[in-house]
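A.B. asks: quick one: sequence and predicted model below, then my questions.
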Amino acid sequence: MEVALSGVTKTFDGATALHPLDLTITSGSFTTLLGPSGCGKTTLLRLIAGLEQPDSGSIHIGGKTVCDTSKRIFLQPQQRELGMVFQDFALWPHMTVYENVAFGLKARGRRKEVATQVAEAIEAVRLQGFEKRYPHQLSGGQQQRVAFARSIAARASLILFDEPLSALDAMLRDEMREELVQMVRELGVTAVYVTHDQTEAMAMSDTIIVMQQGKVLQRGEPEAIYHTPTHPFVAQFVGRSNWVERDRQMVRPEHIRWTARPGDRVFEGTVSRISYLGDRYEVAVKLTDGTIWTAYHHERMAVGGQVRLGVAEQHIHTLGDPARQTNKATEGQQQHQIREVIYQ
Amino acid sequence: MDNPHRGGLRLPAASWQMGLGMLLLAVLVLAPLTMVLLHSLFPDGTFDAFAPLRVLSDPALLQIFWNSIALGGWVVFGSTLLALPMAFLAARTTIGRHAWLDVVLIIPFMTPPYIGSMGWILFMQRRGFAEQLLPAAAGLTPAFFSLLGMVAIMSLHLFPFLYLILRNALMRIGGSLEEAASVHGGGMMYRLRRVILPLLLGSYAMGALLVFVKTIAEFGTPATFGRQIGYYVLTSEIHRFTSSWPIDFGKATALASALLGACLMFWYIQNIISRRHQYRTLGGKGMRTRMVPLKGWRAVLGWSYTGMLLLLAIGIPYFSIIVASMQKLRGDGLAWSNLTLAHYGELLRPGSKGWQALINSMGLAALAATVAVLIGTYLVLQMGSMKRLSQRSLDMFSLLPNTVPGIVIVVGLILLWNAPWMPVSIYNTYTMVVLTYVVFFLPYSVQYIKSSAAQIDGSLVQAGRVFGGRSWYVFRRIVLPLLIPGILAGWMMTFTISARELVASLMVLPPSMQVTATYIFSQFEQGEVSLGMAMAVVSVGLTTLVLVIMNHLGADRK
């Protein structure tokens, strides 16, 4: 199910939530809308769901026009054949797990399919035996699974996720993250996922769309977003960035060497702060020009010590310069490292 | 609030303090109620388990019992009709953005019911204001002075209660629960049937039962309007049996027991229902409600409904009271030339009967409020973490007077303090009135102070200890200052409602002493209606002023 938005805008009581936006989400992809709170990502998701009406523009889902302000078309949410997982799960407290999951089918009058498809959905989230329970009798992770089962039971081919993991604690979140991606991939559905958590976005998505203040700043694969940000905000919001030249040239901490090799650019500074992260030390270095950089080291260093940092020219990324691409082979290797780094 | 932790408030655990709290409640609250029950079981000094039933087997008294129940049922129906559309409008449409509506809609509930009834009587009676404004309205008068009118007056008084409960429930459901239903294919009617109504049911049942209990416990309207139309209910009959000849305390206590039993039973049912059908529908963050913008004929419809409701619930009664309080001669009807402020002058003239009543009310209310918050604070401190049974029962008994109809408490207090064996003779004194007010309104103090106490995290007190404070010092410098807002709110609330309490004043005031409520009541029944209504305006005005000040102080603290 391809989702296409064109010229979509939205304001709330005069405050612009979305600037004119054109966006296509490829069928079968896992696309994440990433950004700080108030960036318009949730508004965008709710526009796709039909929970908000755009001020202007059109939205097509799977080739069908669900909204077009110029033609005065607006399909209600219940006419759009979607699944959605809400931030607070929004399970109906007066219905059992079974009834919650069956809702979408019953509401659409597809009674014949209820028994088999609900069973399938419950099996997919491994909650067999819990059908008769009420939401308050389930743990957070189980509630999350019910919410997911409900969104897939009617076999919608587009599922929207509104920060679904933010209500869970850290341990459970990691577990559910992997589970969710796996289930989405198995079903082959199109997923649009909203989060403010860059780790989540990196780990789960095929495509990340970074938003800020109602605008899309950059879209691309997680690797591209991390290595070749095109906007200073993206560079700062995703991963840690060290500015070689403020808002123009940056280098990631894992590319900083403590002993410069020939050909490296050299930066001098003093160690200003050390934090121990378990597998390494995160070291803040104050450069001579006052910029603070972050780098990683495998052993504790003395605060106040003088250091000379080396960075290979190829690791210095110039923003707004997508032409510069790193070698594909080394990138693959780096991706692996990066994912490891990010997971920690 | 997964964390009910509110520890750290306890004074050093010593059982005599808890014991004192228990003793206070036993004397203040439990003993009077026990007296009512005992008295109805020992009608002639000998035990008779069936005595209350025998009294109710008297067809006349049974009829009174059913009158109460029927009235309760009709008022629930009436307030539902009034409250449900308003709750939908406020929770789901742009009308709800007008915050002033919430304040205004509380006014009927804050108006003492006897004053509201008097306003309606003045408006609808023969040659009343309705007829003067629109002569054709005379045809309505006989229809209004019937059970219908009584139900209308009481519904207009009690609907805000149901409205608030329903609106809050609707707003909570309005968030993602309903959105989830629409995303997953539910059309409007389907959502209403499968999601909204079932979720609303628990709250509705709770609100409806509260309205029912409040109706059958209500004294003001039956004593004014009910008496005029000859519709007698438990409360008005209990009053008659205890205050006018022939006095029959046996029948009064039997009816009081029946009333007490009915109220407790309905509270119990309400408890069960709310436990079973009350869902935690309050989501975390990200709560949004879709407000339907009202345009065109829908806006007209919505606003006309709101306007009509405000007109009936506030406009008419207040119009009647204010105009009546300013009329030179009641016979001369509505005319600018017939208006005067002379009645207010008479009322506020030091030395007049009205002035005396006003001073009495203020003095009694201030004293009662002070005693109530002192006892309330002490009790709340003893409740501590509410983990132990003794602490929970302290909480329960201190809130009991809220559950029990006022008139039952008064009968019990009279039986207790007027008993031949009672060594302390406070009956027929000023002290007795203060005591009655304190028992009546203790729950308000306890609730306000308790909610302040609940906000004091245990760690604040622990921190006080860690930094070397002795328990008295910690109490004085940490706990008490944090409790002050609750204590203040409790004081003001108790003051406000004590100052206009009718039933307690009617029954326990020493002879020849009057307070505002009894003054209004007696002037309305057999005196100068204008003076009575002027007092009503002053009384409501003063207490409103106190509430406004309280709100203002509350706003400052945030």
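C.D. replies: Structure's in. What do you need? Numbers count the residues shown, from 1 in each chain, chains lettered A, B, ... in the order given.
A.B. asks: who are the contact partners of residue 167?
C.D. replies: Picked chain A for this. Contacts for A:Ala167 (CB atoms under 8 Å, 6 or more residues apart in numbering or on different chains) come out as A:Gln87, A:Asp88, A:Phe89, A:Gly140, A:Gln144, B:Gly284. Where C-beta positions appear, they are placed from N, C-alpha and C, glycine not excepted.
A.B. asks: hmm, no, I was thinking of chain B.
C.D. replies: B:Met86, B:Ala87, B:Ala90, B:Ala91, B:Gly96.
A.B. asks: residues of the helix or strand harbouring it that come out buried?
C.D. replies: Here B:Arg167, judged by DSSP states H and E, is contained in helix B:147-173. Buried residues in helix B:147-173, counted by 16 or more other CB atoms under 10 Å in any protein chain shown: B:149-173.
A.B. asks: quick check: closest non-adjacent residue to residue 25.
C.D. replies: I went with chain A, as the question did not name one. Counting by CB to CB, 6 or more residues apart in numbering or on different chains, A:Ile25 lies nearest to A:Val3, which is 4.2 Å off, once chain neighbours are set aside.
A.B. asks: wait, I meant chain B there
C.D. replies: The shortest distance from B:Leu25 to any residue other than its chain neighbours is 4.5 Å, reached at B:Phe397 (CB to CB, 6+ apart).
A.B. asks: thought that neighbour was touching B:Leu24?
C.D. replies: No: assessed by CB atoms under 8 Å, B:Phe397 is found out of contact with B:Leu24, at 9.6 Å.
A.B. asks: compare these two (neighbour count), which wins?
C.D. replies: B:Phe397 (21 against 18; other CB atoms under 10 Å in any protein chain shown).
A.B. asks: spit out the contact partners of that one.
C.D. replies: So B:Phe397 contacts B:Leu25, B:Val29, B:Leu30 (CB under 8 Å, 6+ apart).
A.B. asks: report the closest residue of the stretch 201-344 of chain A relative to chain B.
C.D. replies: The minimum distance from the stretch 201-344 of chain A to chain B, using CB to the nearest CB, falls at A:Met211 (17.0 Å).
A.B. asks: list the strands paired with the strand or helix carrying that residue, with their directions.
C.D. replies: Applying DSSP H and E as the criterion places A:Met211 in strand A:207-212. Sheet pairing of strand A:207-212 (DSSP bridges) gives strand A:30-34 (parallel), strand A:215-220 (antiparallel).
A.B. asks: for stretch A:17-26, which positions count as buried?
C.D. replies: Under the neighbour-count criterion of 16+ other CB under 10 Å, stretch A:17-26 has A:Ala17, A:Leu18, A:Leu21, A:Leu23, A:Ile25 buried.
A.B. asks: let me see the domain layout of chain A.
C.D. replies: The record's domain parsing of chain A by automatic domain parsing lists A:3-226, A:242-318.
A.B. asks: and the ones you listed: which comes nearest B:Met35?
C.D. replies: Proximity to B:Met35 (CB to CB) singles out domain A:3-226 among the domains of chain A, at 43.4 Å.
A.B. asks: quick check: residues of chain A near chain B?
C.D. replies: Where chain A comes near chain B, counting by CB under 8 Å from any CB of the partner chain, the residues are A:42, A:49-51, A:76-78, A:80-84, A:86-88, A:90-94, A:103-105, A:107-108, A:136, A:150-151, A:154, A:160, A:162-163, A:167.
A.B. asks: try 6 Å this time
C.D. replies: Taking CB under 6 Å from any CB of the partner chain as the contact definition, chain A meets chain B at A:49, A:51, A:77-78, A:82, A:84, A:86-88, A:90, A:92-94, A:103-104, A:107-108.
A.B. asks: show me what the helix or strand harbouring A:Ser58 is packed against.
C.D. replies: Applying DSSP H and E as the criterion places A:Ser58 in strand A:56-61. On a contact count with 3 or more CB pairs under 6 Å, 6 or more residues apart in numbering or on different chains; DSSP states H and E, strand A:56-61 meets strand A:3-12, strand A:64-68.
A.B. asks: ok, and the closest non-adjacent residue to B:Arg276?
C.D. replies: Taking CB to CB, 6+ apart, and ignoring the residues beside it in sequence, B:Arg276 has B:Gly202 as its nearest neighbour in space, at 7.5 Å.
A.B. asks: model confidence over the particular helix or strand that has the one you found in it, on average?
C.D. replies: Using DSSP H and E, B:Gly202 sits in helix B:197-217. Here helix B:197-217 scores 88 as its mean pLDDT.
A.B. asks: what sits up against the helix or strand that that helix is followed by?
C.D. replies: With elements assigned by DSSP H and E, the helix or strand that comes after helix B:197-217 is helix B:220-221. By CB atoms under 6 Å, 6 or more residues apart in numbering or on different chains, the residues outside helix B:220-221 that reach it are B:Pro113, B:Tyr114, B:Ser117, B:Ile153, B:Met154, B:Leu502.
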